[in-house]
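*Asks:* Could you work out the structure for the sequence below:
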Amino acid sequence: MASEAAAEFPGAGAESARVDTWIWSVRLTKTRSQAAAACRAGHVRVNGDRVKPAYALKPGDEVRLRHAGRDRVVVVSRAVRKRVGPPVAVQCYVDHSPPPPPRELTVPLAVRDRGTGRPTKRDRREMDRLQGN
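*Replies:* Reported below is the predicted structural model:
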C-alpha cells in the first residue's frame, strides 16, 4: 500500500516539506527560485505568519501566496517534495483563492515596438488617454 502511494505521489512519503519546494512542486510558481524569492520578500504566509523558504509545511496548513499579481489561498492536503504533474498537483491542496478579476476590468498596458525610441508628446497623450488620465 505504501508503494502505491509512492508511485502515485512521488516524494509524498514525508510528513513535511519545505514551503518553497512544496509551492514549486504543486505548480503555484514556475521555478523553485521564484518560490524562495517570494518567501524572502514576505509574499508567503503559513497560518497567518510570514515564513522563510525552509519552513516545514505539514498537511492542514493554510498557505497564502502573492504571485504574479494574484493572491492564492490554499490548504495543504499532501506534502510532496518532488515536482508532480498538473493532475496530481491539484490533489495536493484545496484551493480557497478568490477568482481572478475578469479581463475586461484589467487596464490595458501601452505596448511599444522595440527600438522605436522615446515616446513623442503625441504618443504620451495617447497613452494617457488609454489609461484614463
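*Asks:* quick one: secondary structure of the residue positioned nearest the centre of the chain?
*Replies:* For the chain, the residue nearest the mean C-alpha position is Leu28 (3.8 Å; CA atoms, centre = their mean). Following DSSP: H, G, I helix; E, B strand; the rest coil, the label given to Leu28 is coil.
*Asks:* Please look at it and His67 and confirm they touch.
*Replies:* Yes: the pair Leu28 / His67 is scored as a contact, 6.8 Å apart, by CB atoms under 8 Å. Quick note: C-beta positions are derived from backbone N, CA and C, even for glycine.
*Asks:* Dump the longest helix along the chain to CSV, keeping only the CA atoms.
*Replies:* The residue-count maximum for a helix in the chain (DSSP state H) belongs to helix 121-131. The C-alpha coordinates for helix 121-131 follow below in CSV (Å, rounded to 0.1, in the frame of the first residue of the first chain):
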residue,chain,number,x,y,z
LYS,A,121,4.4,64.1,-26.9
ARG,A,122,1.6,62.8,-29.1
ASP,A,123,2.4,59.2,-28.1
ARG,A,124,2.4,60.2,-24.4
ARG,A,125,-1.0,61.9,-24.8
GLU,A,126,-2.4,58.7,-26.4
MET,A,127,-1.0,56.5,-23.6
ASP,A,128,-2.6,58.8,-21.0
ARG,A,129,-5.9,58.7,-22.8
LEU,A,130,-5.8,54.9,-22.9
GLN,A,131,-5.0,54.7,-19.2
